[in-house]
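Student: pasting the structure only:
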């Protein structure tokens, strides 16, 4: 067999193996995504639990993400932290407000969305609820680090966050220290603030799942390459044998 035909056959084999590998990877991603969706749906289906129950799950290494939770505390609106986000296509901020619990600890609650021009507390006093309030929402974990290098760094001077750093929120909200902060967040539901801003219930629970389509595409390309490349190689071999 000529060297050119050997190289062609090797290229076809390598290409088919590569494309098949991508298809297999997408099938593994499909299984992972389906398990994730099932786990979140199972967590969402339960009734609201107490903070103590969520913390027990957290200490035991169990999954508590998106579990409904109900907590009571008093908001300190002067220490709001602002996470850059969009709501229904409009840019703005999610307002993370520390709430003091009965045991003296602070818990950061994502109270919801405000437009860009309503970032300052002044002018939206209607939504600055006072006294002890009971919040129903979803327990959310605090990420240990920035997701990736493409995410901008948090701007603590401007009080604008691009990833939810609990440590930075704590340091920025309580520069003098001396506070005990619960190591998780709570996303308040839409009933948390019936009037004014922020608009509650902004948690996005959507997991695009196109991995099966991607897998079919990669396997289809592998089959196409095998068919077309094999046909071309077979034609070259037949042409040589007829000479």
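Tutor: Noted; the coordinates are in hand. Just so it is clear, the structure is predicted and the values come from calculations on it, not from any experiment. Numbers count the residues shown, from 1 in each chain.
Student: Every contact and neighbour count from this point should use C-alpha atoms.
Tutor: Will do.
Student: wait, doesn't residue 97 sit right on residue 110?
Tutor: Yes. Counting by CA atoms under 8 Å, residue 97 touches residue 110, with 6.5 Å between them.
Student: Show me which of the two is the more surrounded one.
Tutor: Per other CA atoms under 10 Å, whichever of residue 97 and residue 110 has more neighbours is residue 110, with 28 against 24.
Student: After the helix or strand hosting the more buried one, heading C-terminal, what element do we hit next?
Tutor: Following DSSP states H and E, one finds residue 110 within strand 106-115. The C-terminal neighbour of strand 106-115 among helices and strands, as given by DSSP H and E, is strand 132-140.
Student: how about the strands in this structure?
Tutor: With DSSP state E as the criterion, the chain has strands at 68-75, 81-87, 90-100, 106-115, 132-140, 181-188.
Student: Just put these in CSV and tack on distance to residue 213 and mean pLDDT.
Tutor: Shown next, in CSV, are these (distance: least, CA to CA, whole Å; pLDDT from 0 to 100):
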stretch, distance to residue 213, mean pLDDT
strand 68-75, 33, 96
strand 81-87, 28, 95
strand 90-100, 31, 96
strand 106-115, 34, 96
strand 132-140, 30, 94
strand 181-188, 33, 96
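Student: Just name the most buried of those.
Tutor: Neighbour counts (mean count of other CA atoms under 10 Å) averaged over each of the strands of the chain peak at strand 106-115, with a mean of 25.
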